[in-house]
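Student: Pasted the sequence and its predicted model underneath.
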Amino acid sequence: MSLKARALIDVTLLLGLATLAFSLSQWKQAEPVRFMWYLLLAFLASGLKLRLPGIDSTFSLISVFVMIAVLELSLTEAVFMSCAGTVVQCYWHSQRRPKPIQVLFSVASMTMAVAAAYFVYHSSLFELLGRNLPLMLLAAGLTFFVTNTIPIAAIIALTENKPLRGFWTDNYLWCLPYYLVAAAIAGIINICSRGIGWYTWLLVVPVVYSIHQSCGLYLGKAEAEKKHLLDVAQLQLRTIETLALAIEAKDITTHDHLRRVRTYSVEMGRRLGLGAEELEALQAAAVLHDVGKLAIPEYIISKPGKLTLDEFEKMKVHTVVGAEIVERVGFPYPVAPIVRAHHEKWDGTGYPYGLKGEEIPMGARILAAVDCFDALASDRQYRCALPLDKAMKIVAADAGKSFDPRVVKVFEGCYVELEQAVQAQQTQERSLSKDLKIENGRAPDAGFENSDSPLLAGARAESLDAASAIAAVSHEIQMLSELSKGLGNCLSLGEILSIFCLRLKQTVQYDSVAVYLRQEDRLVPEYVGGDDSGLLSSLQIPVGQGLSGWVAEHCRPILNGNPAVEPGYLKDRTKFTKLRSAVAVPIKSGDVLIGVLALYRADVDAFSRDHLRILLAVASKLSLLIEKTLQRRADSCGPTADTRTRVPHQQGLLLQLHRNINLEN
């Protein structure tokens, strides 16, 4: 409970109990029989409770008899009767036993409300106005309503961190007519008691019961409507979570990212004064802003390096596609504009439409800054996470260019606090079963495809283009012809790779080199040379992870990737690594991946497209050298034909080679 809530409880208890003590000290009882009947009726009315929809609070019909007591009884009797009825209301047919502090607060609040209504009704001001009964009843009823509902609403609002005015209006203002009707009934009973007798209170019993029934029907309908709206909201929330899981299935790095961005964005929206509807839209957009990546090829999303121009053009489409997907959900608040504009920049250089300044929705401006900050502070395929303060400095440096300066200013003042809140929310969440191996299903109904894989065909076409480009340069032709010259049959694979890489260095400069061969689902270094060779030789890279693992999984080359993302290379991420850029190409035998050739440099962006074209051509020669060496090894260790398949010598040895290095066609 907040300090404000505790302070309000203490003040209410102090004033209420003081008022109760003062009232009881003035005890006067002219007609004890009438008082006892009123007290009994108040007890019965306290049991006619109605549960208020949406909040943990009840509402009883004792207010009618409280207003009668204000008009008919003394202050002491009115306060005692109302307090006794409040205690009965707290315990009678209660779903859970209230805490003593809750009972005391309710009694104190009721005491102040009854005393305030009593003094207003009996105020000398109305003597000057000629004791206008309707005006007196209206003033007393309004006073009782305000002083009885505001303290309770304030405590609940402070406890649940809700605005008092909105909470009181939504949950208590609707019952104002009931208080006014109670005051009117009390006025009628007062008039009747003067002419007939005090026992005319019996007339109010059927009226009170009718009010209870009608209010019960109204609140039941309101509760049903509220439940329906809650079900719709829950459906929308499940839709958001389902789409978020779809994003996770496409891009594994987004799972924690989406949860963190949502927490950051919503809190930033509150601090920047966004309304309830805008906050709902921002929360949904924070989770769904990358849903358009479902339309982006997976090799681009998981690429552990910088994107090419063509790849970036494809990546930019995710903002428009994401907005189109979100529009079809039919959210009752504007989510799609935020998703569409979350890569727009303050100076107008963003995408997709080049919006500038205030043209960008506020939710998108918040999301842009938060998204960039969390991306910098999180591990990515192409680099390691930055410290929070360094990530914040990078975002702050772009204020006025990429980001709204006002958003960045607020963000700078609270990012540490928000990070602590995110860490406190860490929960165990269930992820998708993407790594599950399905044993059933031997073949698709339409049979297996016999043609080449599009990815492998694209990689082969890229290699052919590279070879034709190199053929135009005479010294590169000479280099390619001499790379494997003189590598005789007496050399081991390690010796051949060593000589090959030394000759390669004359054309493509590198600080470190590694030739990885695939063994089952891992890449194992067969030859390593240059700087950090000891560390590189110890790597066991899972296919699909890191820089070389991505090349192996997609059979596509990568240019100027970050060596630090190789699994196991940088064990201490706070430590500076010497190697800053890498170029890697797949080594294939036909359509089967044998391994990966990777060159590393200490400079950033040290390799050019010419280097990449050379390596693509070199990889084919390297593949032949590896095959010949492993074939020679197989000749010395086994028969000239595959004993299982009975395939002739050359083909049988190639199949045996593929099995020996545990490759799958």
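Tutor: Right, received. Where do you want to start? Residues are numbered from 1 along each chain as shown.
Student: averaged over its residues, what pLDDT does stretch 153-169 have?
Tutor: The average of the pLDDT scores along stretch 153-169 is 79.
Student: Now the terminal residues of that stretch, how far apart.
Tutor: Taking Cα to Cα, to the nearest Å as the measure, stretch 153-169 stretches 9 Å from start to finish.
Student: list the buried ones in that stretch?
Tutor: By neighbour count on 16 or more other Cβ atoms under 10 Å, the buried set for stretch 153-169 is 153-158, 167-168. C-betas here are computed from N, CA, C, even on glycine.
Student: For those, give me JSON lines that also has distance to residue 315.
Tutor: Supplementary listing: these in JSON lines, determined by distance: Cβ to Cβ, whole Å:
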{"residue": "153", "distance to residue 315": "50"}
{"residue": "154", "distance to residue 315": "50"}
{"residue": "155", "distance to residue 315": "51"}
{"residue": "156", "distance to residue 315": "47"}
{"residue": "157", "distance to residue 315": "45"}
{"residue": "158", "distance to residue 315": "46"}
{"residue": "167", "distance to residue 315": "44"}
{"residue": "168", "distance to residue 315": "49"}
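Student: Now do the strands in the chain.
Tutor: Along the chain, counting by DSSP state E, strands occupy 49-51, 58-60, 512-519, 522-530, 541-542, 558-561, 581-589, 592-601.
Student: Distance from the chain centre to stretch 145-162, please.
Tutor: Using Cα atoms, centre = their mean, to the nearest Å, the mean C-alpha position of stretch 145-162 is found 31 Å from that of the whole chain.
Student: Contacts for it next, please.
Tutor: The contact list for stretch 145-162, computed with Cβ atoms under 8 Å, 6 or more residues apart in numbering, reads 1-2, 4-5, 8-9, 12, 55-57, 63, 105-106, 109-110, 112-113, 116-117, 163-164, 167-168, 171-172, 175-176, 179-180.
Student: follow-up on the earlier one: closest one to residue 38 among the strands of the chain?
Tutor: Ranking these by their distance to residue 38 (criterion: Cβ to Cβ) puts strand 58-60 first, at 15.4 Å.
Student: Need the contact partners of stretch 12-24.
Tutor: Residues from elsewhere that reach stretch 12-24 (Cβ under 8 Å, 6+ apart): 75-76, 79-80, 83, 104-105, 107-112, 115, 151.
Student: And that stretch, what's buried?
Tutor: By neighbour count, and taking 16+ other Cβ under 10 Å as the criterion, the buried residues in stretch 12-24 are 12-13, 15-16, 19-20, 23.
Student: Make a markdown table out of the residues you listed and add distance to residue 546 and pLDDT.
Tutor: A markdown table is the format used below for these (distance: Cβ to Cβ, whole Å; pLDDT from 0 to 100):
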| residue | distance to residue 546 | pLDDT |
| --- | --- | --- |
| 12 | 62 | 86 |
| 13 | 63 | 87 |
| 15 | 68 | 89 |
| 16 | 67 | 86 |
| 19 | 73 | 86 |
| 20 | 73 | 84 |
| 23 | 78 | 82 |
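Student: Which single one of those residues is nearest to residue 353?
Tutor: Proximity of these to residue 353, judged by Cβ to Cβ, is greatest for residue 12, which lies at 54.7 Å.
Student: how close does that closest one sit to residue 150?
Tutor: In this structure, residue 12 and residue 150 are separated by 10 Å, where distance is defined by Cβ to Cβ, to the nearest Å.
Student: ok, now residue 359?
Tutor: Taking Cβ to Cβ as the measure, residue 359 falls 43 Å from residue 150.
Student: Residue 552 now?
Tutor: In terms of Cβ to Cβ, residue 552 sits 68 Å off from residue 150.
Student: How about residue 21?
Tutor: Taking Cβ to Cβ, one finds residue 21 at 23 Å from residue 150.
Student: And residue 554, by the same measure?
Tutor: Taken as Cβ to Cβ, the spacing of residue 554 relative to residue 150 amounts to 64 Å.
Student: and what of residue 169?
Tutor: As defined by Cβ to Cβ, residue 169 lies at a distance of 11 Å from residue 150.
Student: domains of the protein?
Tutor: Structural domains of the chain, as assigned by automatic domain parsing, span the residue ranges 3-226, 251-424, 454-660.
Student: and these as JSON lines, adding distance to residue 232?
Tutor: As requested, the domains of the chain are arranged in JSON lines below (distance: least, Cβ to Cβ, whole Å):
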{"stretch": "domain 3-226", "distance to residue 232": "11"}
{"stretch": "domain 251-424", "distance to residue 232": "9"}
{"stretch": "domain 454-660", "distance to residue 232": "40"}
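Student: Which of those domains sits closest to residue 234?
Tutor: When those are ranked by distance to residue 234, counting by Cβ to Cβ, first place goes to domain 3-226 at 12.4 Å.
Student: mind checking how far that closest one is from the chain centre?
Tutor: Put simply, domain 3-226 sits 44 Å off its chain's centre (Cα atoms, centre = their mean).
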